[in-house]
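what follows is a predicted protein model with its sequence.
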Amino acid sequence: MLEIADVSKSYGSLHVLTDVSLRIDDGEFVSIVGPSGAGKTTLLNIIGSLERPDSGRILFDSTDIVGLSDRKLAEFRNRRLGFVFQFHQLLPEFTLAENVALPAMIAGKSRRAAMARASELLGSLGLSERLDHRPDQVSGGERQRAAVARALVNDPACILADEPSGSLDSHNREELYALFSSLREQTGKTLIVVTHDESLAGVSDRIIRMRDGRIVC
C-alpha cells in the first residue's frame with residue numbers, strides 16, 4: 001500500500017532524513033519510535049504530504065505523490081489520509097460534531113450528510129452525549145477521541161498519528177491504546193503512529209526504530 005524509497009530531507013545544513021526506505025502493507029499497524037531529533041515527525045509529515053522531501057519517492061498504491069500538484073496533493077490528503085496529533089487541534093469555536101464534520105464538508109459533502117456521519121462516529125466512540133459540546137467543555141481523553149473521529153470522517157485508507165498519547169494521563173492513554181487496536185481490527189485501516197510511548201508501540205504489529213535520520217531496525 002505504501003512504499004517510501006530513498007527519502008532525504010534537510011533544512012539548510014541540518015540533515016533530518018537520509019535515504020530512508022520503508023514498506024508498509026495495507027492494514028498494518030506500525031509504530032515509529034526513536035529519540036527526539038531522530039526524524040520521526042518529519043518522516044510522518046512527508047508520508048502525510050504535509051511536507052515534500054528533497055529527494056526520493058512516496059508511493060501510495062503505486063502513485064508517487066511527490067510529483068502531484070499542490071491542488072491534487074491537498075485533495076489526496078483530504079480523501080485518503082486521516083491525521084491525529086498530540087494536541088487535538090480541534091477548533092475551539094465549533095462543537096465536537098462540527099469539528100468532526102469539517103473535513104467531510106471540505107471534501108464536498110453537504111452539511112447535513114457530514115453532520116450525520118460525524119454524529120455516527122462520535123457515538124461509536126462513546127461521545128453521543130457530547131455532540132454539541134465545544135472542546136473546552138470535555139475532558140482531554142474525549143477531545144482526543146473526537147480527533148480520532150475527525151480523522152475517520154472521510155473513510156481514509158491510512159491514519160497518521162503524531163504522539164497521540166503525549167498529552168494524556170495514564171488512564172486516557174490506556175483507552176487510546178485500546179481504541180487504536182480496535183480501529184485496526186474493526187476497520188482494517190493502515191495505522192502509522194509516531195510515539196515515544198513504548199506501551200503504545202507495543203500494541204502495534206511492527207516497531208520501526210529511527211536514529212539520526214535513518215531507520216536502524
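Yes, it's here. Numbering: from 1, shown residues only.

in which helix or strand would I find the residue nearest the centre of the chain?
Taking CA atoms, centre = their mean, the centroid of the chain lies closest to residue 160, which sits 2.1 Å from it. Following DSSP states H and E, one finds residue 160 within strand 158-162.

I'd say the residue nearest to the centre of the chain and residue 195 touch.
No. Residue 160 is beyond contact range of residue 195, at 11.9 Å (criterion: CB atoms under 8 Å). Glycine gets a C-beta too; all of them are placed from N, C-alpha and C.

ok, back up a step: how about the contacts made by the residue nearest to the centre of the chain?
Contacts were defined as CB atoms under 8 Å, 6 or more residues apart in numbering; by that measure residue 160 touches 44, 47-48, 81-84, 192-193.

next, give phi and psi for the nearest residue to it once chain neighbours are set aside.
Take residue 160 and drop its neighbours on the chain: the residue closest to it by CB to CB, 6 or more residues apart in numbering is residue 48, 4.8 Å away. Phi and psi for residue 48, reported as degrees, to the nearest 10, are phi -80, psi 10.

coming back round to it: wait, which of the contacts of residue 160 is closest to residue 101?
residue 82 (13.8 Å; CB to CB).

list the contacts for residue 23?
2-4.

make JSON lines from those residues and add distance to residue 129, pLDDT and secondary structure to it.
Putting the contacts of residue 23 into JSON lines (distance: CB to CB, whole Å; pLDDT from 0 to 100; DSSP: H, G, I helix; E, B strand; the rest coil) gives the following:
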{"residue": "2", "distance to residue 129": "37", "pLDDT": "93", "secondary structure": "strand"}
{"residue": "3", "distance to residue 129": "43", "pLDDT": "94", "secondary structure": "strand"}
{"residue": "4", "distance to residue 129": "41", "pLDDT": "94", "secondary structure": "strand"}
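
before we move on, back to that, what pLDDT is listed against the residue nearest to residue 160?
Note for residue 48: predicted pLDDT of 92.

same check on residue 1?
Reported pLDDT for residue 1: 80.

thought residue 34 was touching residue 213?
No. Under the criterion of CB under 8 Å, residue 34 is not in contact with residue 213, lying 9.7 Å apart.

ok, and the closest non-adjacent residue to residue 27?
residue 188 is the one closest to residue 27 (CB to CB, 6+ apart), at 4.8 Å.

give me the number of neighbouring residues for that neighbour.
Residue 188 has 10 neighbouring residues, counting by other CB atoms under 10 Å.

secondary structure of residue 193: a strand, I assume?
Yes. Applying DSSP: H, G, I helix; E, B strand; the rest coil, one finds residue 193 inside a strand.

count the neighbours of the residue lying closest to it once chain neighbours are set aside for me.
Counting by CB to CB, 6+ apart, the nearest residue to residue 193 once its immediate chain neighbours are dropped is residue 161, at 4.5 Å. When neighbours are defined as other CB under 10 Å, residue 161 has 25 of them.

that's all I had, so thanks and see you.
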